[in-house]
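Trainee: sequence? don't have it. structure:
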Ligand SMILES: Cc1ncc(COP(=O)(O)O)c(C=O)c1O
């Protein structure tokens, strides 16, 4: 407890990195990691020297060095059977694409033992009871957490703007969502995170809820008061499950928001591939404390995981853990400095506004990951969707756009040169648009801000019942009053405008058309259908 308080106090007094001001790119965007050892040890996560091993890479290397003739899967046999273009692309990495068959403890290449060791190293680094390597992203981690914590018919209190992986968890478990509304900074159009009081009110109305679910941070990098929500959950004897897809880097730098793991969450899923150095799809699931049975989580993971987890993904998770243990704080120090410099440079460009820490403090807006650079482009006379397309033409791809913003991620993979590219593209965009100002698009974008608030959900049946019910596809003009059997969401961020089990209202249809007209990419369950035309609904009785 004292330790936790120390972490929280350390966090409350965190300082914002200083902003470099010199003109040359190299001066504006600092390139060197700060010398010195990582402060992971100071934060009590683990001793760096304990983290030097790379068990998965070494197990597969040992198998290769033993010169075994391969008469097992995968059929490409170390790369020889791959199509030439792919073989060229993968190079020697293809020979590491082996797992179960390498088992030979005498040779030191027992894959299962290596996975167990690698997961134990991750658990020690993140200071949890168990960590699990995930090869199907945080999606499978969230599904497994829900499968371990909930039974059909149990209630779970969660924000309505959860990623659709949480909705898939509801379908798998048969749990009933009690949705919390999303706080919304309507001046800036940036969604926040429900406060503890919202969870408290929902628990008072639904005292039999079996779990609380939180997103920390949301896609925009806004973090909530996880400690308070964890404490509330524990007072009621139930677990707090946290989707920390965008926060795998949090534990490694004091200037980042607190990780849910540091403040008492029971189960936390991290997309290591999103903001750290693992390959796409590679995530971690962490479990701690008495409220979630790690064996049950392990069993649930078997339901949602291939029996042939890709070894390259697993090796990448192990290597990302190794990298963070050795250099995490230095790499993130540099990343934060770059992000602050980018924020500063962008805020000097006429027509751009950068959403920053000065907007924090209200309920729902507790903390911000500054490496997520949220830029309001409405002052340029365009929507975020248009800005994304124009930036792409200037050779820059950003992570997400909405009616008024684009969101650029600065990560440990960035350098002063990439930062300069981003800022340069924005300067060019602003200059190109200066002549066209006032063509009205921004006004339209601003007037649509209200619709960024998700339509008020009306849950008619559980997501699971809606999913398994007979269904039919109907055009939007016949959909009002019907119960959705699928979700429809702009992607990214993948937050459904309507979810299975909810009544389709005129507000839902209006939101679908507004997002679609503005240029958002909409996705549904039924990829063959055009989401602008209609939706899968429960068949009429
Ligand atoms: C908030 C949030 N949760 C969960 C996920 C799913 O993560 P993954 O892609 O690792 O399965 C995403 C993906 O974008 C997300 O943004």
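Mentor: Everything's here; your move. What you see is a predicted model, and the numbers here were worked out from it, not measured in a lab.
Trainee: Can you pull the residues of this protein lying near the ligand?
Mentor: Residues of the chain lying near the ligand by C-beta under 6 Å from any ligand atom: 137-139, 163, 165, 215, 219, 243, 245, 271, 283, 492-494. In short, each C-beta sits where N, CA and C put it, glycine included.
Trainee: Among the residues you listed, name the ones in helices.
Mentor: Counting by DSSP state H, the part of these found in helices is 137-139, 165.
Trainee: where in the stretch 301-450 of the chain is pLDDT low?
Mentor: Low-confidence segments of the stretch 301-450 of the chain (pLDDT under 70): 435-450.
Trainee: Apply 90 and report the result again.
Mentor: 357-359, 361-363, 403, 434-450 (pLDDT under 90).
Trainee: Give me the nearest residue to the residue of it found nearest the ligand, chain neighbours excluded.
Mentor: Residue of the stretch 301-450 of the chain nearest the ligand, by C-beta to the nearest ligand atom: residue 400 (9.2 Å). With C-beta to C-beta, 6 or more residues apart in numbering as the criterion, residue 400 has its nearest non-adjacent residue at 4.3 Å, and that residue is residue 407.
Trainee: and the one you found, that one's in a strand?
Mentor: Yes. Under DSSP: H, G, I helix; E, B strand; the rest coil, residue 407 sits within a strand.
Trainee: Pretty sure residue 124 sits in a strand.
Mentor: No. Note on residue 124: no strand contains this position according to three-state DSSP, which reports helix.
Trainee: Would you agree it is in contact with residue 53?
Mentor: No. Counting by C-beta atoms under 8 Å, residue 124 stays clear of residue 53, with 11.2 Å between them.
Trainee: how deep is the residue nearest to residue 400 tucked in, by neighbour count?
Mentor: 22 (other C-beta atoms under 10 Å).
Trainee: hey, what's it bridged with?
Mentor: residue 374, residue 400 (DSSP bridges).
Trainee: Does it touch residue 222 like I think?
Mentor: No. Shown here, residue 407 and residue 222 do not form a contact pair, counting by C-beta under 8 Å, at 11.4 Å.
Trainee: How much space separates the residue nearest to residue 400 from residue 190?
Mentor: Residue 407 sits 10 Å away from residue 190, going by C-beta to C-beta, to the nearest Å.
Trainee: which residues are common contacts for these two?
Mentor: Contact criterion C-beta atoms under 8 Å, 6 or more residues apart in numbering; residues shared by residue 407 and residue 190: 220, 374.
Trainee: Setting the sequence-adjacent residues aside, check what's closest to residue 166.
Mentor: With C-beta to C-beta, 6+ apart as the criterion, residue 166 has its nearest non-adjacent residue at 5.6 Å, and that residue is residue 142.
Trainee: pLDDT averaged over the host helix or strand of that neighbour - what is it?
Mentor: Element membership for residue 142 (DSSP states H and E) is helix 137-149. Mean pLDDT, computed over helix 137-149, is 98.
Trainee: How about stretch 268-278?
Mentor: Here the average pLDDT along stretch 268-278 is 98.
Trainee: For that stretch, which outside residues touch it?
Mentor: Against stretch 268-278 from outside (C-beta under 8 Å, 6+ apart): 128, 134, 137-138, 141-142, 145, 241-249, 259-261, 279-286, 313, 316-317, 319-320, 323-324, 371, 409, 411-413.
Trainee: Please pick the buried ones from the residues you listed.
Mentor: Among these, those classed as buried by neighbour count (16 or more other C-beta atoms under 10 Å) are 128, 134, 137-138, 141-142, 145, 241-249, 259-261, 279, 281-286, 313, 316-317, 319-320, 323-324, 371, 409, 411-412.
Trainee: List the contacts of stretch 420-436.
Mentor: Under C-beta under 8 Å, 6+ apart, the answer for stretch 420-436 is 25, 28-29, 342, 345-346, 349-352, 375, 377, 380-382, 387, 390-391, 394-396, 408.
Trainee: ok, how many other residues are close to the nearest residue to residue 355 once chain neighbours are set aside?
Mentor: Excluding the flanking residues, the one nearest residue 355 by C-beta to C-beta, 6+ apart is residue 374, at 3.9 Å. The number of residues packed near residue 374 is 27, by other C-beta under 10 Å.
Trainee: my guess is residue 374 meets residue 221, correct?
Mentor: Yes. Using C-beta under 8 Å, residue 374 is in contact with residue 221, at 7.2 Å.
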